[in-house]
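1. Here is a sequence with its predicted model. Questions after.
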Amino acid sequence: MSRSADRLYELLPAFHRLADAQRGYPLRALLRVINEQANLVEDDIAQLYENWFAETCADWVVPYIADLIGSQPVPDPGGGRGPLQSAGQTRPGPPSTRREVALTVGFRRRKGTLALLDALALAVTGWPARAIEFYRLLGWTQHLNHVHPHRAQTADLRRSESLDLLGGPFDRQAYTSGRRTIPSVGVYLWRLKSYPVTHAPACCLDSVGPHCFTFNPLCHDTRLFTNPVSEPEPGGPPEEINLPVPIRRLAFERRLSTHPLTVRASDAYYGIDRSLVIWAPDWPRKGATQPIPAELIIPADLSEWHYRARRGQVGADPVLGRIVFPAAQLPRRGVWVSYRYGFSADMGCGEYHRTLTAPASAAYYQVSKDHPAPGTLGAIGEALTRWRQDQEALGPEPADPAAKEHWEQEHARLRAAVIEIGDSSVYRESLTVILGTGESLQIRGADRTRPVIELVASESNRSTAFAVWGKAGSRLCLDGLVITGGPVQINGPDPADAEGLAEGDICDVRIRHATLVPGWALECNCDPRRPAEPSLELIDSTAKITVDHSIIGSIEMARDEYPADPADILITDSIVDATASGISAVSGPDVLAAFARLTVTRSTVIGKVSADSITLAENSIFTGEVRVARRQAGCMRFCYVGRPVRTPRRYHCQPDLVIAADQANAVGEAQRVKPVFTSLRYGSPGYCQLAGDCAAEITGGADDESEMGAFHDLFQPQRTARLRARLDEYTPAGMNAEIIFAS
């Protein structure tokens, strides 16, 4: 049946509709209101059938289905508390129990089997898992009449593959102590995700040699991860290729012969739709097959670049993400790669799905390496030029009323522009953006792309490589980009220019799902090249800055304290990394206070913060000093504040709570709850992830008992608590199940 707004009205006889038309359609208006309610009733009736099934039912029905099959709910670790939210604001909660309820009956039928624990952990937490019966790894003397050759054996020093797996979830060696006991079962969980990078240019390390490349276009070492594939036999224990794990050198190689030793890349890891693949057009000869065949890829250890590739072969190191070609056989037409890296969440720029928003009538300009720009400004610069040319081509407002309507529509459309980059290539640009009154510009990567903008400018003044000016009512959005090589500079009107001040300032700058590389660029070991340089500069600008699900370096605001109010800086679900706790993450020039009001929620700030005030800091981690000029305004709640030199009121913050609880051991308690991270170097898989030995006051210290910091919305404590409760229910009597984080 038609769901049009007038479907009920169309059922009336024609003479009733004619009479209604003569009276100005009052009956049609009434039936439209009735039709809206009829649609709601029909939708509710249709949903009644869907509510019979856990896979399709409404969220409120899930607990009722769980009660019907006798599935006991796990208590909410948060105790019903939740973060402060404004009216109408919604955020994701802990993982849903829908999948768990749908599989409950099947789980009960398989209760007591090892394969069940793998499926149970995945359904409850969403993390891939592998369960190990540790008693099978015990070293013990077997009876000659009951030999178990499949059990673990003592280490064979000639089997390098077995030695390479020592201590991990795939270890098959025999042990006599440790966690390997008869009643113990280990459930290994992989919390890191495997993210793809598709057909991106490899970075040539000219400082090492023209034959040396890195997979990562930012020119730093990157641990390559697998592209997890479904298990060939459902119910069997998952192997390395089925899980998002780092690729080992020995796992990457396929041995063709032992004497002499001949290896090549494994087909399980190398190739299209696999974990990694390399293209080098016209290499090793003109018109050669692309991508480079697996038999020409040699797994190698490229730690010191000592390996020398033979002619017609390419050395690849998945541990460091490095590539080496023969020195006398260089790839003249460039090298392109697809690979996968590990990270905790959909943050920064990555080839994951994100919702794209833009004005409905905006002018769109597509950019990609498949369609190079005809000029010399660079692809993005040429798109900006085309936008201005289209505005100029529109001409002045015509006098003819018919043409005037079309002119007004086109004029309104060209006041907003979207420049969309359609691939994961590297764009070397020097950008100058000047926005007129009320204009809007969005520079973004397309969905599931990871474009890199490498800023190009003179070494003496790199801050001009990406400079932005705007007039009153103008807006800029950077969405889904990696920006390296310099800062993004937001400029306000010159205070000495009275005419410029009258035209106003850009009002809004939004950085969303983007990465402004901390320290501008990285060394091979992920150390920042310019650790003291800011990634975002605000010069005499009052623009509202919003940083959402992004990774950026430090923010520096150079602005005098005018009679006007401070600028607003909102940081949400992001990482602000000054590269060290002793360097300013948010400040003014010469380490003075930034004339700004900060709002920091569910974020990790590495470095010192110095601002006019903090309106709200919630569920966040501040590793350095926090100093505000106006401490009587605002609040900090459920945060870790490393050195609270001068802050607004603090509520339920650390280390305040542990110091108040044990004043006799204040120093020791403050040191105990200091956040411990897996890594604090951007580019490493465990970047800003709280380590396993981090204090429980931090890993469960948010207002809903999730973890503090940028990965709050992963709800890892809730997932772990729910899994622990389910393991107690499904693990056989007498067995002890232990949760072990493999990543």
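-> Sure, I can see it.
2. List the strands paired with the top strand by length along the chain, with their directions.
-> Longest strand of the chain, by residue count under DSSP state E: strand 608-618. Strand 608-618 has these partner strands in its sheet, going by DSSP bridges: strand 584-587 (parallel), strand 594-601 (parallel), strand 621-628 (parallel), strand 635-637 (parallel).
3. Sort out which residues of stretch 36-51 are buried, please.
-> Buried positions in stretch 36-51, judged by neighbour count with 16 or more other CB atoms under 10 Å: Asn51. All C-beta spots, glycine's among them, are computed from the backbone N, C-alpha and C.
4. Distance from that stretch to the middle of the chain?
-> Distance, stretch centre to chain centre, for stretch 36-51: 37 Å (CA atoms, centre = their mean, to the nearest Å).
5. Quick one: residues in contact with it.
-> The contact list for stretch 36-51, computed with CB atoms under 8 Å, 6 or more residues apart in numbering, reads 3, 5, 8, 56-58, 61.
6. what about burial for the residues you listed, which qualify?
-> By 16+ other CB under 10 Å, the contacts of stretch 36-51 give 57, 61 as buried.
7. can you give me the strands for the stretch 151-300 of the chain?
-> 184-189, 193-201, 203-204, 212-214, 253-257, 262-265, 277-279, 297-299 (DSSP state E, counting those that start in this stretch).
8. Sketch out the low-pLDDT regions of this structure for me.
-> Scanning the chain for pLDDT under 70 picks out the ranges 1-2, 75-96, 178, 231-236, 371-376, 458-463, 495-502, 561-563.
9. related to what we said a few turns ago, nearest to Asp346, out of the strands paired with strand 608-618?
-> Comparing the strands paired with strand 608-618 against Asp346 with CB to CB, the closest turns out to be strand 594-601 (17.0 Å).
10. Report the spatially nearest residue to Ala131, omitting neighbours in sequence.
-> If the residues on either side of it in the chain are set aside, Ala131 comes closest to Leu117, at 3.7 Å by CB to CB, 6 or more residues apart in numbering.
11. picking that back up, which of the strands paired with strand 608-618 sits most buried?
-> strand 584-587 (a mean of 26; mean count of other CB atoms under 10 Å).
12. can you list the residues that contact that strand?
-> Outside strand 584-587, the residues touching it (CB under 8 Å, 6+ apart) are 554-557, 569, 576-578, 591, 593-594, 596, 598, 605-611, 624.
13. switch to 10 Å and redo it
-> 518, 532, 534, 536, 552-558, 569, 571, 575-579, 590-594, 596, 598, 600, 605-611, 614, 622-627 (CB atoms under 10 Å, 6 or more residues apart in numbering).
14. are any of the residues you listed buried, and which?
-> Looking at those with 16+ other CB under 10 Å, the buried ones turn out to be 518, 534, 536, 552-558, 569, 571, 575-579, 593-594, 596, 598, 600, 605-611, 614, 622-627.
15. Could you give the separation of the longest helix that the chain contains from the chain centroid?
-> Ranked by number of residues, the top helix in the chain under DSSP state H is helix 26-50. With CA atoms, centre = their mean as the basis, helix 26-50 stands 41 Å off its chain's centre.
16. ok, and for the helix or strand just after it, which residues are buried?
-> Once the chain leaves helix 26-50, the next helix or strand it forms, by DSSP states H and E, is helix 62-68. Of all the residues in helix 62-68, those buried under the rule 16+ other CB under 10 Å are 62, 65-66.
17. Just put those residues in TSV and tack on distance to Cys694.
-> Formatted as TSV, the buried residues of helix 62-68 follow (distance: CB to CB, whole Å):
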residue	distance to Cys694
Val62	32
Ile65	37
Ala66	33
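18. Need phi/psi at Leu570.
-> phi -110, psi 120 (degrees, to the nearest 10).
19. Let me have the contacts of stretch 36-51 in JSON lines, extended by distance to Val418.
-> Below are the contacts of stretch 36-51 laid out as JSON lines (distance: CB to CB, whole Å):
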{"residue": "Arg3", "distance to Val418": "31"}
{"residue": "Ala5", "distance to Val418": "31"}
{"residue": "Leu8", "distance to Val418": "40"}
{"residue": "Thr56", "distance to Val418": "36"}
{"residue": "Cys57", "distance to Val418": "38"}
{"residue": "Ala58", "distance to Val418": "36"}
{"residue": "Val61", "distance to Val418": "40"}
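20. Fine, thanks again, bye for now.
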